[in-house]
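> sharing a model that was predicted from the sequence below.
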2 protein chains.
Amino acid sequence: MSDTDTPWLDEQEMTLWRLWLRVQTELPAALGRGLAQDSELSMQDFETLVRLSEAPEGRLRISALAEGMHWERSRLSHHLRRMSGRGLVVKQDCLEDGRGSFVELTDAGRAALDSAAPGHVRIVRALFFEGLQEDERQALTHFLERVLGRVQT
Amino acid sequence: MSDTDTPWLDEQEMTLWRLWLRVQTELPAALGRGLAQDSELSMQDFETLVRLSEAPEGRLRISALAEGMHWERSRLSHHLRRMSGRGLVVKQDCLEDGRGSFVELTDAGRAALDSAAPGHVRIVRALFFEGLQEDERQALTHFLERVLGRVQT
DNA sequence: AGCACTTGCTTGACACGTCACGGAAAACCC
DNA sequence: GGGTTTTCCGTGACGTGTCAAGCAAGTGCT
């Protein structure tokens, strides 16, 4: 395909694209700051704790957790080591499969999640959902699904 | 404000929110892979080179570049050191202000940008803009502006 | 001139993510 | 059962981002 088939972005497209890139960096930063104010948790910690809290008995196989979060295993492994060091989770050997491990929410982990969740939801609502109309929500969902579908390798 | 004032996300909101988080991680990853295939450049390198190429004579004061990119100075400083090590840019002392420095695009930097740009635009179009209607573009722009306005501390 | 303050940029320490690799246990196949 | 392959997870090295601190040069006040 020659370059002439793909013209550079016009002014409006460029505006949207840079806006997207900007929101994509600033929103997580703002959420992270909000979360850090009342909880010692990062977005990644929070997401991990949410997934565990949704699981039966607050525990999951590491590979299942990694798949659910769409994380690489090594990333999760590093992260769990750090979270484990802070007492938010514990690792347990898996009896049925000698290779495998479980991660389980500790009481401290559940407490941290419970105390951080309301504030986090509040800020997500305030920054992202506030004023979002039903038709906008649908359109945005549709757009993101389209993009995600094309991104999947 | 009590917790009852901010209900947890309902099912549709949660779908949208997780979709947003997911696209926000996968799209940059896909763009990065595409860029790396034909250029040795990261998204950050690319963005930096674009900014410099748009400046008169391909050079900018470091603080001006940092402000334009909305980067912290230390981040840019680290990044320029690495890019400079790869020969993509060079730093020059500023004569009018002994504290200041200029960064300038090298021939290699401009060549890398020129060779990477068409493919990058193509993939941005293919993944993000493809099939985006005019009214969708406006709605999305409007939404992102709203979010960004609220994120600004 | 002298002194504090500000500005422009760098540096070092640390947290995080990716990649390539490794070991151990299970599964498969003959 | 023995050997190969696959799966589960951890580790080390490296690039990158943030934060706090620092240095050097300009600015302003007296």
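Here it is on my side, so go on.
> near DNA strand D at all, stretch A:45-58?
No. On the criterion CB under 7 Å from any atom of the strand, stretch A:45-58 is out of touch with DNA strand D, staying 12.7 Å away. Placement of C-beta: from N, CA and C, glycine included.
> now that stretch: average pLDDT?
The pLDDT scores in stretch A:45-58 average 96.
> using PDB, write out every CA atom in that stretch.
Taking C-alpha atoms only, stretch A:45-58 is exported to PDB below (Å, rounded to 0.1, in the frame of the first residue of the first chain):
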ATOM      1  CA  ASP A  45      -3.600  -3.100  43.500                       C
ATOM      2  CA  PHE A  46      -7.200  -2.100  43.500                       C
ATOM      3  CA  GLU A  47      -8.100  -4.000  40.400                       C
ATOM      4  CA  THR A  48      -6.300  -7.100  41.800                       C
ATOM      5  CA  LEU A  49      -8.200  -6.900  45.100                       C
ATOM      6  CA  VAL A  50     -11.500  -6.400  43.300                       C
ATOM      7  CA  ARG A  51     -11.000  -9.500  41.200                       C
ATOM      8  CA  LEU A  52     -10.100 -11.600  44.300                       C
ATOM      9  CA  SER A  53     -13.000 -10.200  46.300                       C
ATOM     10  CA  GLU A  54     -15.400 -11.300  43.500                       C
ATOM     11  CA  ALA A  55     -14.000 -14.900  43.600                       C
ATOM     12  CA  PRO A  56     -15.500 -17.500  45.900                       C
ATOM     13  CA  GLU A  57     -13.600 -17.400  49.200                       C
ATOM     14  CA  GLY A  58     -11.500 -14.600  48.000                       C
END
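> now the one residue in chain A that gets nearest to DNA strand D: phi and psi?
Per CB to the nearest atom of the strand, A:Ser63 is where chain A lies closest to DNA strand D, at 2.8 Å. Main-chain torsions, A:Ser63, degrees, to the nearest 10: phi -70, psi -40.
> so it makes contact with A:Gly100?
Yes. Between A:Ser63 and A:Gly100 there is a contact under CB atoms under 8 Å: 7.3 Å.
> point out where chain A drops to low pLDDT.
By pLDDT under 70, the weakly predicted segments of chain A are A:1-5, A:153.
> where does A:Pro7 sit, in terms of helix or strand?
Using DSSP states H and E, A:Pro7 sits within no helix or strand.
> does chain B sit close to stretch A:118-127?
Yes. Stretch A:118-127 reaches chain B (CB under 8 Å from any CB of the partner chain) through A:Pro118, A:Val121, A:Arg122, A:Val124, A:Arg125, A:Ala126, A:Leu127.
> what's the closest non-adjacent residue to the third one?
Which is A:Arg122. Of all residues not flanking A:Arg122 in the chain, B:Thr6 sits nearest, at 4.4 Å (CB to CB, 6 or more residues apart in numbering or on different chains).
> tell me the contacts of the residue sitting nearest the centre point of chain A?
The centroid of chain A falls nearest to A:Glu47 when counting by CA atoms, centre = their mean (5.2 Å). By CB atoms under 8 Å, 6 or more residues apart in numbering or on different chains, the contact set of A:Glu47 is A:Met69, B:Leu21.
> host element of it?
Applying DSSP H and E, one finds A:Glu47 within helix A:43-54.
> buried residues, the longest helix along chain A. List them.
Longest helix in chain A, counting residues (DSSP state H): helix A:11-37. Across helix A:11-37, burial judged by 16 or more other CB atoms under 10 Å in any protein chain shown covers A:13, A:16-17, A:19-24, A:26-27, A:30-31, A:34-35.
> over to stretch A:73-92?
Under 16+ other CB under 10 Å, the buried positions of stretch A:73-92 are A:Leu76, A:His79, A:Leu80, A:Met83, A:Leu88, A:Val89, A:Val90, A:Lys91.
> run a quick neighbour tally on the residue lying closest to the fifth one once chain neighbours are set aside.
Spatial nearest neighbour of A:Leu88, excluding adjacent residues (CB to CB, 6+ apart): A:Gly109 at 3.9 Å. Summarising burial for A:Gly109: neighbours were counted as other CB atoms under 10 Å in any protein chain shown, giving 25.
> hmm, who's touching the helix or strand containing A:Gly109?
Assigning secondary structure by DSSP H and E places A:Gly109 in helix A:107-124. Helix A:107-124 has contacts (CB under 8 Å, 6+ apart) with A:30-31, A:34-35, A:37-41, A:45-46, A:49-50, A:52-53, A:58, A:83, A:87-89, A:105, B:1, B:3, B:6-9, B:17.
> since that was my last question, I'll sign off now.
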